[in-house]
Every structure is written in structure tokens, then in C-alpha cells.
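Novice: Mind looking at a prediction? Sequence and model below.
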Amino acid sequence: MNPQERETYFDSYLSGKLSFEEEQKFTEQLENDHELAAYFEEFRQAIDFVSALGAGSDMKEIILEEKAKKVSIRKWVGYSVAATVIAILTFTFVGQQNEIDLMDEYFQPYRDVISRRGTQAPTGQAMFSYNRSDYEKAIEQFSNLEQKTDTVRLYRGISLLAQKQYDSALEDFRNIGPTSEFYLQKLWYQGLTFAVLTKNDSARHYLQRIEEREYNYDQAHALLRQLED
Amino acid sequence: MKELNYQHLISTDRAESKACLRALYHETFPKAKKYILKNSGSVHDAEDIFQEAIVILYQRVKTDKFKESDSLPAYCLGICKNLWLMKLRKEKTHQLSPQELDIRNEPEVELDSSLVKRVLAELSQECESLLIGFYYYKKSFAELQLQFGVGSIQAIKNKKGRCLKYLMTLLKDYGIGKDSFVK
């Protein structure tokens, strides 16, 4: 068997094209001929490597296809503005698309920096729900607290944002002033909420205030770039 | 999601494996992108990393390094995070610890995708396409003969043989085998 015949034989074996008898014979050969077995292992590894590259190539294609879908949605949106009814439908669709995209891409709940401070903190139960991503319960528990501190406003606002209750979320963020220890976080979440609502000017207003090295600067910068597109 | 089964990923049925890849894209890419953007990367970086991660993931599933109990999307995300961390470390622009990069709970996959890149840099683009065409896309020699504008079926067979032999040599030289994707 010359090298090319051997390779063809390996290919047939790996693609299941050998007959039962041929396959059995080949398996026996591999068991008895260690040199052949070692060569076959190298051969198989090379094929696995090529297949992995193929999967990567498929994924590249998928990424391009999915990007093209988004672009065509945007183009379609652009052409549809002429008719009022269609325009209303379109804006609703774009709004929803924008909401899904931006929340998916940028929303991440702010980490819990409260619970460690004191075991008996009044926010304990609400933070427990927040940390379990049970935002509905967290909102209720934060709302039941007597004192509405900036901590409560921030974490309840984020919970409201997660639950897509944007107006209520904005109300909480608005009430966190510049002297608050959570002011930078509020800038980010307030900017993101406005961006989700496609109120881009308001979004920019807050996001631009986040300076380099401050909380979520990279994210804010990326979102600002996206709003300009 | 039924498509997100590791066996579908390496299925010889192309429609099945592509459906799995697409489902994996929808499930994992937004999270990987979010993570990379949050850690000084761009959308373009996220796309590159995700593609590399798929190569690694496929290899791991194929070589039985992936446990049945593992979740394909979570595992893929873990690989993306590790790849991005490695890239940041190499560029030395960021001195972030794994804790800061939030990869504490990810599968321990220390990867060196640069090995893959080095092999690909030496293997010609033509060889890569030819081998992927034959072994992954299951194209016939007749199709490949047309695609590569080669005079005869025998000539394309010879070419494929030479490419594969060269790839095997490269993999051996760089020490890429079953365990190369996990150190």
C-alpha cells in the first residue's frame, strides 16, 4: 500500500465507507501494527484539527450573516418612514429592537457592595433577592423600606431597569445627587436607560460625564460610539 | 434549546452542526461581546475571539475533553474569557487579575491559540481551504478540482495529500496533539 492508498483507506475508514469486513480487518491491523496505529493517530488528529478550523470558518460565516440581518433591518426601517402608520409600527419595532440589543449588550447589575458592610443591614432581604436576580421581589422589598437612601435608590433603580420599568428606574436614578457615593454608577445606569428609550441626547448627557478611569468608562465610551452610528 | 447539544456540534450532518453553531452564537456571543467590551475590547475583537473559541471548543468536544454534564454555551463563554485574558496579558496593557476579569468559576482551560495561528501562518491559505473543503464541507474531488482550477482529479488528490502531510508535520513540530488545547 503506497502512502496515497493508505491515506484513501484512512479517509474511507473515518467516513464510515468501509464494509464491515474491511473495517474489522483494519481494526485488527491497528492493534497489531503499532507503527501504523501511531501514524493513523497523527492522521486523525490532523483531520480533527481541520474540522475544528472548519467549524471556526462556519462561525465566521454565521457572524457575517447575522450582522447583515441587522443591517438589512436598519435599512428596511429607513425606507419605511414614508407612511405614517408604517412609521408608527416601524418605530415601535425599532424601539423594541433597540431595547433588546442594548439591554443584551450593556446591562449588567451592579455588584453588591452593601451586604459585606453589615450583617443586619435593613437592605439585607432586598439585597438577597437582588443577588439572586429576583428583581421583582427585590423591588417590592426595597420599596417597603422606610428610609429611601441612595443605596436603596440605586439597587431598586437597577432592579426596575432589569424589569424594563424604565420610567420608575429613571425616577430613582434622578434622585441620586452628585454628592452621593453612587453618583458615578447612577450616571451609567441613567445614561443606559435613556439609550434604551432611544432618548439619545439625554443618554449622551449622562454618559459623557463619565471620565476616563471612572466607573464603567469603557462601556460608556462604547455605548456613546454606538449612539453616534 | 435542543440544538445546543455537544454531539450536534461535531455531527457529520452539516445542517445539524450549523444549527448548533447558530444557536451557540445567539446564546453566547452577546455575553462574550459584553464581557470583551467591558474589558477594553471592541466588537471586532469579540468576533475574532468568538471564532477562535469555536475552534478550541470543537477540538475539545472532539477529543472527549468536554464532559457531558458541561453546558456548551457556558463552556464556550469560559473559553472566550480565557482567550481574552491571554490576549490582554500578552499585550501587557492591562494588569488585571483573573478575579478582576471574573473568570474564577470558568472551566480551567489554559489555551494557546497562538499555536493554531502559527500553524496556519505556515500552512498556505490554499491548503487550509482545500483541507477544510474536503474534510469539513465534504466536497468531492470533482468540486475541489473546479474550485482550485487544477487540471485533473489525480492532481487535486495529490495536492490534498501533500497539504495533509505538511499539516501533520507542522502539528508534530509544534507539538499539537490531543492535549494541546489543555495544558
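Specialist: Thanks, I have the structure now.
Novice: Give me the spatial nearest neighbour of the residue in chain A that chain B sits nearest to, chain neighbours excluded.
Specialist: At 2.6 Å from chain B, A:Gly54 is the closest residue in chain A, using C-beta to the nearest C-beta. Using the backbone N, CA and C atoms, a C-beta is placed for each residue, glycine as well. Leaving aside its chain neighbours, A:Gly54 sits nearest to B:Tyr136 (2.6 Å; criterion: C-beta to C-beta, 6 or more residues apart in numbering or on different chains).
Novice: low-scoring stretches of chain A, by residue?
Specialist: A:71-100, A:116-120, A:229 (pLDDT under 70).
Novice: List phi and psi for A:Met102.
Specialist: If you look again at residue A:102, you'll see it is Leu, not Met. Backbone torsions for A:Leu102, taken as degrees, to the nearest 10, come to phi -70, psi -40.
Novice: ok, the closest residue to it other than its chain neighbours to A:Ala162 distance?
Specialist: In space, and not counting its chain neighbours, A:Leu102 is closest to A:Val196: 5.0 Å by C-beta to C-beta, 6+ apart. Distance of A:Val196 to A:Ala162, given as C-beta to C-beta, to the nearest Å: 11 Å.
Novice: host element of B:Lys90?
Specialist: Using DSSP states H and E, B:Lys90 sits in helix B:72-91.
Novice: Check A:Leu170 too.
Specialist: Taking DSSP H and E as the criterion, A:Leu170 maps to helix A:166-174.
Novice: Summarise which helices and strands that helix is packed against.
Specialist: helix A:150-162, helix A:183-196 (3 or more C-beta pairs under 8 Å, 6 or more residues apart in numbering or on different chains; DSSP states H and E).
Novice: And A:Glu42, how close does it get to A:Glu7?
Specialist: 12 Å.
Novice: related to what we said a few turns ago, the residue nearest to A:Gly54 contacts A:Ser51, doesn't it?
Specialist: Yes - counting by C-beta atoms under 8 Å, A:Ser51 is a contact partner of B:Tyr136 at 5.2 Å.
Novice: returning to what we had before: residues in contact with the residue of chain A closest to chain B?
Specialist: Going by C-beta atoms under 8 Å, 6 or more residues apart in numbering or on different chains, A:Gly54 touches B:Ile132, B:Tyr135, B:Tyr136, B:Tyr137.
Novice: For B:Ile10, state which of the residues you listed is nearest.
Specialist: B:Tyr136 (10.8 Å; C-beta to C-beta).
Novice: and the closest one, what does it touch?
Specialist: Counted by C-beta under 8 Å, 6+ apart, B:Tyr136 has contacts A:Val50, A:Ser51, A:Leu53, A:Gly54, A:Ala55, A:Ser57, A:Asp58.
Novice: next SSE after the longest helix along chain B?
Specialist: What stands out as the longest helix in chain B, according to DSSP state H, is helix B:14-38. Remark: after helix B:14-38, the chain's next helix or strand is helix B:43-62, criterion DSSP H and E.
Novice: got the buried residues for that following helix?
Specialist: Neighbour counts using 16 or more other C-beta atoms under 10 Å in any protein chain shown place B:45-62 of helix B:43-62 among the buried residues.
Novice: quick check: angle from it to helix B:14-38?
Specialist: 130 degrees (axes from the mean of the first three to the mean of the last three C-alpha atoms, to 10 degrees).
Novice: tell me the contacts of B:Trp25?
Specialist: No, residue B:25 isn't Trp; it's Tyr. Contacts of B:Tyr25 by C-beta under 8 Å, 6+ apart are A:Met59, A:Ile62, A:Ile63, A:Glu66, B:Phe50.
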